[in-house]
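[1] Structure for this input, please:
(one chain, ligands or ions: 1)
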Amino acid sequence: MAEKTTLNVAGMTCGHCVKAVEESVGKLSGVENVKVDLESSSVEIDYLSDKVDLKKIKDTIEDQGYDVQ
Ligand SMILES: [Cu+2]
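    Model (predicted):
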């Protein structure tokens, strides 16, 4: 099932952070699109819920050193 979610993520401050989050989450199987908005500290994600769960996505962002709120 295709799902769309927006997570609030603390700690992202620059282009490096955007790249780290977009690349790590984008690599997950089942994630179709990921877009960071620095200004609102949010990450918009399109994913297939039968292939990847939200916890895995959140863990991946936290593994990069950011806090999912
Ligand atoms: Cu940064």
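
[2] Please enumerate the helices of this protein.
    15-26, 54-63 (DSSP state H).

[3] Residue 36 touches residue 22, doesn't it?
    Yes: checked against Cβ atoms under 8 Å, the pair residue 36 and residue 22 is within contact range at 5.7 Å. Any C-beta I mention is one placed from the backbone N, CA and C, and that applies to glycine too.

[4] who wins for proximity to residue 9 among the helices of the chain?
    Among these, helix 54-63 comes nearest to residue 9, with 5.9 Å by Cβ to Cβ.

[5] Pull out the buried positions in that closest one.
    57-58, 60-61 (16 or more other Cβ atoms under 10 Å).

[6] so how far is stretch 49-57 off the chain centroid?
    11 Å (Cα atoms, centre = their mean, to the nearest Å).

[7] Could you tell me the end-to-end distance of that stretch?
    For stretch 49-57, the first and last residues are 11 Å from each other (Cα to Cα, to the nearest Å).

[8] From the buried residues of helix 54-63, pick the one nearest the ion.
    residue 61 (13.3 Å; Cβ to the ion).
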